[in-house]
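Engineer: sequence first, then the predicted structure, then my questions.
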Amino acid sequence: MSLTNLWKTIRSWVTDNAVHQVHVVFPDPQAALPDIIPMRGYLRVWLSEMFLAKSRDWFVDVHPAVHAQVRLKFAGREVEIGRVAQPPKDALGKGVHVDYALSSLLPYNGGTVEIEAALLALAGTNQLQAVIGILKGFSDLVGPPLASALTIADQVGAGMQQLMGVTDGQVHLGYHQQFGSQGGGGANVLRPGYIAVVLANADEVKPGDLSVIAGRLHHRGQPLVGRDYLLLRIEGRNERDDWLLPDIQAAMDRAVQSAAEGDDEKSALHRAAAITAALTSPDLVMQDRRRVVEAIKAHLADVSLGAAPVANDLGSLVKAHAGSVAQAMVKGPLTLSEAMADPSP
């Protein structure tokens, strides 16, 4: 089974069972921004909460696994980022806050974004739980820099496909949706919010009776019970909250080391390499590319003057030296000549 076939399987199940599940979208009142804007925003998909009713022998003859994929444009091509979650046994019979990231923080480069998530029912022994846990461990490694993590993401997807085959796996509850940016005329605008998917029809659970309170799904003001459901959340940001970008960090560290050794020529070469890596990083949106370059230049200028530097990790340097997100947005895209120029005194 190829990755595309697994995607098609889940999408087909969602289409065929549309009348048998309730799907409701809720705005996130705590969101940092109203819409996720192309080239300026990041998204991350979370499994906020789930509930497994006692409709089958979960964790006995059938083991649950949540598989999610995000398909979007990255580094000039369409990629699929997949992850696996292992529901805790506490999810049986009561709502559980999972708050598990189903994707890393992904830059939104425009076009469409497809999100699918499925609660899978895999038949097998207790050893299957360990196998699911191993896949979850591998999927947790899918993070920045994303270009080097795509191979791991593909392996996680391949492993999940194999499990579906050998365990006669079935989709128990699924979600699939395609989103676009504001202004395209479509109904599904990519914006922060919650998505509730409940295994019930609209007569059994009326969509208007559902709400999200403190990150939990409620029915008529009380936590929903007695129905299998997933509560997903799309997070939107206009700046990274993680700066684990080894190519940029390594080049900057080499520039600092060369300066400390008194080799200004070599330090300048590493400085240019660090700036180029930041300027072309597919993991950074427009304003963060500018802010990282500003931080690199200011930090290396301090080092050359013998000033006591702040912590050398990229996140600390952005916080200490870079302008705000709003300032970077006003300045617009950073040109190569501007990036390579010495910082203003």
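Structural biologist: Arrived safely.
Engineer: ok so residue 197 is a strand residue?
Structural biologist: Yes: note on residue 197: a strand contains this position according to DSSP: H, G, I helix; E, B strand; the rest coil.
Engineer: could you pull out the strands for the stretch 101-250 of the chain?
Structural biologist: Taking DSSP state E, counting those that start in this stretch as the criterion, the stretch 101-250 of the chain contains strands spanning 106-108, 113-123, 170-179, 193-198, 210-213, 216-219, 222-223, 229-237.
Engineer: those into JSON lines, with extra columns for mean neighbour count and mean pLDDT?
Structural biologist: C-beta coordinates here come from the backbone N, C-alpha and C atoms, glycine included. Output for the strands of the stretch 101-250 of the chain, formatted as JSON lines (neighbours: other CB atoms under 10 Å; pLDDT from 0 to 100):
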{"stretch": "strand 106-108", "mean neighbour count": "24", "mean pLDDT": "94"}
{"stretch": "strand 113-123", "mean neighbour count": "22", "mean pLDDT": "93"}
{"stretch": "strand 170-179", "mean neighbour count": "20", "mean pLDDT": "93"}
{"stretch": "strand 193-198", "mean neighbour count": "22", "mean pLDDT": "97"}
{"stretch": "strand 210-213", "mean neighbour count": "17", "mean pLDDT": "96"}
{"stretch": "strand 216-219", "mean neighbour count": "19", "mean pLDDT": "95"}
{"stretch": "strand 222-223", "mean neighbour count": "10", "mean pLDDT": "94"}
{"stretch": "strand 229-237", "mean neighbour count": "23", "mean pLDDT": "95"}
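Engineer: in this protein, where is pLDDT below threshold?
Structural biologist: 1-4, 94-95, 184-186, 307-311, 344-345 (pLDDT under 70).
Engineer: re the thing from before, so which of the strands of the stretch 101-250 of the chain is nearest residue 144?
Structural biologist: Distance to residue 144, taken as CB to CB, is lowest for strand 106-108 among the strands of the stretch 101-250 of the chain, at 9.4 Å.
Engineer: other SSEs contacting that closest one?
Structural biologist: Helices and strands in packing contact with strand 106-108 are listed as strand 41-51, strand 62-74; criterion 3 or more CB pairs under 8 Å, 6 or more residues apart in numbering; DSSP states H and E.
Engineer: all set now, cheers.
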